[in-house]
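Engineer: Let me see the structure of the following:
(chains A and B)
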There are 2 protein chains.
Amino acid sequence: MNELKLINNIKKILNSKYIGDDCAYLNDLGIVITQDSLVEGVHFDKEIMTPYQTGYKSMMANLSDVAASGAKPCYITISISIPKDLSEEDVNEYYEGCKFALKDLDVEIVGGDITGSDKLYISICVIGKTEGRKISSRSNAKIGHKIITSGVHGSSAAGLRILMNNLEPDKDLIKAHLMPVAQLDFSQEIAENIQEDYAMMDTSDGLFDALYKIGKASNCSMSIDFERILYDPKIKEYFDDYKDLIFYGGEDYQLVATVPVELLPKLKNYTIIGEVIQKEDCVIKLNYDDRTEKINNIDKCFNHFK
Amino acid sequence: MNELKLINNIKKILNSKYIGDDCAYLNDLGIVITQDSLVEGVHFDKEIMTPYQTGYKSMMANLSDVAASGAKPCYITISISIPKDLSEEDVNEYYEGCKFALKDLDVEIVGGDITGSDKLYISICVIGKTEGRKISSRSNAKIGHKIITSGVHGSSAAGLRILMNNLEPDKDLIKAHLMPVAQLDFSQEIAENIQEDYAMMDTSDGLFDALYKIGKASNCSMSIDFERILYDPKIKEYFDDYKDLIFYGGEDYQLVATVPVELLPKLKNYTIIGEVIQKEDCVIKLNYDDRTEKINNIDKCFNHFK
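Structural biologist: Have a look, this model is predicted:
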């Protein structure tokens, strides 16, 4: 089954105006809400992640969705289904990891439930407040917007590959995979300072994925200057296809936004990687190595660097 | 692992004032939030439930939690993990069932996510508005409160047993199991008319379970007149242990509340089944067949009618 097809079916059946962004913006309540699930063996591998790391990362992944909306995360519910081979200590550790992820934040875990199951299955809901903030939508990109990102890209995918293939460990890259950090400050700075509509997404499924989805939803194309994208140079030492990791690798939980140029002087930390351009026969125009490549199909383009 | 033990651990780790009721009451936002998960093979059996019925019932089970809080359900997110043997049509049918459950309600499905997995796993989050309503807590029962319930009890468990054992089908009892109805009107009537604190729970885990949890959380005992509890007389024809089904059977999604007697003239449909009494060495005093039995331990008491 194709996920996009299923989502389109569901949209048709439910006929909801809300479904489209990672967070639903409930204007009358002044909140956004997001829900995401993590399945053992699909989203995480218990051979490479401790319960503590799983708890920590499950929080960060969901906080990152709220960060992408521009809202301030405030309340969380956790639903956890526990297989018999998970010990009481493992479950406690999971929640210790959750707690650690929230330690510097004004965010509370307020509920959820526990059930039995065959595999560890986690579903997390986060509510964010929108007061004093402008909320993003992936359909808000406009021609002329600058495309900016937080942090470095590709480290998480590199860390995962190191772990999976038992390569010489690198502390930073492995940490980027196991203990990522949601970009709440980057989000806040934009959401509190911007007046106009803007697009923002996190790079949970990769930088390219975020750009592509914004381009599709906003019906515009993007010109990306690959050389401007920040990355940890160690990736280049480890992997020949480092460009794929940077552009397509997931789970860095960085943010990418399209904003009017006038906003930029109000922001402290960001990298301009490109610009929103008129809809062409492509969604992303990628400039690298003095060449320009056009990418107009998400299925075809993976690993196009190769 | 013991679920109560785990919940106590989690409460200790998270040190949250919110965890205790089925819904968390977020006063500053004027909402309650609840999240519940359903796992194939644990909470439902695909041999006896269609995807449509699963969708319908998954909505009702979660609406019932909000009904128990006294709030008005308004927004829902659905996270669904789909095994490979589920067809696109099955997934569509699931959402059609969800939609049908909401058809007369002012409730919208606003988001969620889809992932792959080994088994069908559903996690649902509901937000309810609290404006104009008094919110319940299971710790609010007070001595002298009347204990009232909605509807009939035991039908769902009887319907399940008929299905599981291939007995002569009974339309009403099977419908009570497959297509239960959350008691939103009963909830609204209480929540909009009551001034004092009150306790309310749904009977998703059985009438006894709800009474027991209210008694424990409120530190009081209850005197229940078993003869007053309403049930479909067909249960008695089917099963000799019908009293067990009525008192312990789950998934009727009726409501049970402890309220001051002054409220009763303002309510239209309810059954008084007992009264909150002083804490004794028991939690529930059950009067039936001219006998009185004291039940003071949830583990020991199951099937005590036998």
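
Engineer: What mean pLDDT does the one helix or strand A:Ile246 maps to get?
Structural biologist: A:Ile246 is part of helix A:242-248, with elements assigned from DSSP states H and E. In this model, helix A:242-248 has a mean pLDDT of 95.

Engineer: Sheet partners, orientation included, of the next helix or strand after it?
Structural biologist: Using DSSP H and E, the helix or strand that follows helix A:242-248 towards the C-terminus is strand A:255-259. Here strand A:255-259 has these sheet partners by DSSP bridges: strand A:146-149 (antiparallel), strand A:199-202 (antiparallel).

Engineer: For the ones you listed, state which one has the densest average packing.
Structural biologist: Comparing these by mean neighbour count (mean count of other C-beta atoms under 10 Å in any protein chain shown), strand A:199-202 ranks first with a mean of 28. Quick note: C-beta positions are derived from backbone N, CA and C, even for glycine.

Engineer: mind exporting it as PDB, just the C-alpha atoms?
Structural biologist: Only the C-alpha atoms of strand A:199-202 are listed here, as PDB (Å, rounded to 0.1, in the frame of the first residue of the first chain):
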ATOM      1  CA  ALA A 199       5.900  27.600   5.400                       C
ATOM      2  CA  MET A 200       7.900  25.500   7.800                       C
ATOM      3  CA  MET A 201       8.600  21.800   8.200                       C
ATOM      4  CA  ASP A 202      11.000  19.700  10.100                       C
END
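
Engineer: So which elements touch the helix holding A:Ile246?
Structural biologist: Other helices and strands packing on helix A:242-248, by 3 or more C-beta pairs under 8 Å, 6 or more residues apart in numbering or on different chains; DSSP states H and E, are helix A:155-164, helix A:207-218, helix A:234-238.

Engineer: same thing but 6 Å
Structural biologist: helix A:207-218, helix A:234-238 (3 or more C-beta pairs under 6 Å, 6 or more residues apart in numbering or on different chains; DSSP states H and E).

Engineer: quick one: it to chain centroid distance?
Structural biologist: 15 Å (C-alpha atoms, centre = their mean, to the nearest Å).

Engineer: can you list the residues of chain A near chain B?
Structural biologist: Within chain A, the positions lying close to chain B (C-beta under 6 Å from any C-beta of the partner chain) are A:1, A:3, A:6, A:9-10, A:13-14, A:16, A:18-19, A:24, A:26, A:35-37, A:39, A:42, A:75, A:77, A:79, A:81, A:88, A:91-92, A:95, A:109-117, A:121, A:123, A:125.

Engineer: now the angle from the top strand by length along chain A to strand B:72-82?
Structural biologist: Using DSSP state E, we find that the single longest strand of chain A is strand A:72-82. Between strand A:72-82 and strand B:72-82, the angle formed by their directions is 50 degrees, by axes from the mean of the first three to the mean of the last three C-alpha atoms, to 10 degrees.

Engineer: Run through who's touching strand A:72-82.
Structural biologist: Residues from elsewhere that reach strand A:72-82 (C-beta atoms under 6 Å, 6 or more residues apart in numbering or on different chains): A:63, A:66, A:107-115, A:117, A:121-129, B:26, B:35, B:37, B:39, B:123.

Engineer: Strand A:72-82 and the helix or strand that that strand is followed by, what's the angle between them?
Structural biologist: Using DSSP H and E, the helix or strand that follows strand A:72-82 in sequence is helix A:88-101. Helix A:88-101 and strand A:72-82 are oriented at 170 degrees to each other (the same axes, to 10 degrees).

Engineer: in helix A:88-101, what's buried?
Structural biologist: A:Asp90, A:Val91, A:Asn92, A:Glu93, A:Tyr94, A:Tyr95, A:Glu96, A:Gly97, A:Cys98, A:Lys99, A:Ala101 (16 or more other C-beta atoms under 10 Å in any protein chain shown).

Engineer: With stretch A:160-167 instead?
Structural biologist: A:Leu160, A:Arg161, A:Ile162, A:Leu163.

Engineer: quick one: that stretch to chain centroid distance?
Structural biologist: Counting by C-alpha atoms, centre = their mean, stretch A:160-167 is centred 22 Å from the centre of its parent chain.

Engineer: same thing with stretch A:210-220?
Structural biologist: That offset, for stretch A:210-220, works out to 15 Å (C-alpha atoms, centre = their mean).

Engineer: ok, and what's touching it?
Structural biologist: Contacts of stretch A:210-220 (C-beta under 6 Å, 6+ apart): A:138-139, A:141, A:143, A:199, A:201, A:203, A:222, A:256, A:276, A:279, A:283-284, A:298.

Engineer: Run a quick check on A:Phe208 versus A:Tyr248, I expect a contact.
Structural biologist: Yes - under the contact definition of C-beta atoms under 6 Å, A:Phe208 touches A:Tyr248, with a separation of 5.2 Å.

Engineer: Tell me which of the two has more neighbours.
Structural biologist: Under the criterion of other C-beta atoms under 10 Å in any protein chain shown, the comparison of A:Phe208 against A:Tyr248 puts A:Phe208 first, with 26 against 21.

Engineer: got the contact list for that one?
Structural biologist: A:Phe247, A:Tyr248.

Engineer: end-to-end on stretch A:261-271?
Structural biologist: This stretch, stretch A:261-271, spans 12 Å end to end (C-alpha to C-alpha, to the nearest Å).

Engineer: Return the set of buried residues in it.
Structural biologist: For stretch A:261-271, using 16+ other C-beta under 10 Å, the buried residues are A:Leu263, A:Tyr270, A:Thr271.

Engineer: Distance of A:Val276 relative to B:Leu105?
Structural biologist: 40 Å (C-beta to C-beta, to the nearest Å).

Engineer: And for A:Leu173?
Structural biologist: Distance from A:Leu173 to B:Leu105, by C-beta to C-beta: 49 Å.

Engineer: Which one's more surrounded, these two?
Structural biologist: The neighbour comparison of A:Leu173 against B:Leu105 (other C-beta under 10 Å) goes to A:Leu173, with 25 against 14.

Engineer: Could you report the pLDDT at the nearest residue to A:Ser139 once chain neighbours are set aside?
Structural biologist: Nearest non-adjacent residue to A:Ser139, counting by C-beta to C-beta, 6 or more residues apart in numbering or on different chains: A:Ala217, 4.1 Å away. For A:Ala217, the pLDDT comes out at 93.

Engineer: separation between A:Ala217 and A:Val261?
Structural biologist: Taking C-beta to C-beta, one finds A:Ala217 at 21 Å from A:Val261.

Engineer: With A:Ala141 instead?
Structural biologist: Taken as C-beta to C-beta, the span from A:Ala141 to A:Val261 is 14 Å.

Engineer: And for A:Asp28?
Structural biologist: In terms of C-beta to C-beta, A:Asp28 sits 33 Å off from A:Val261.
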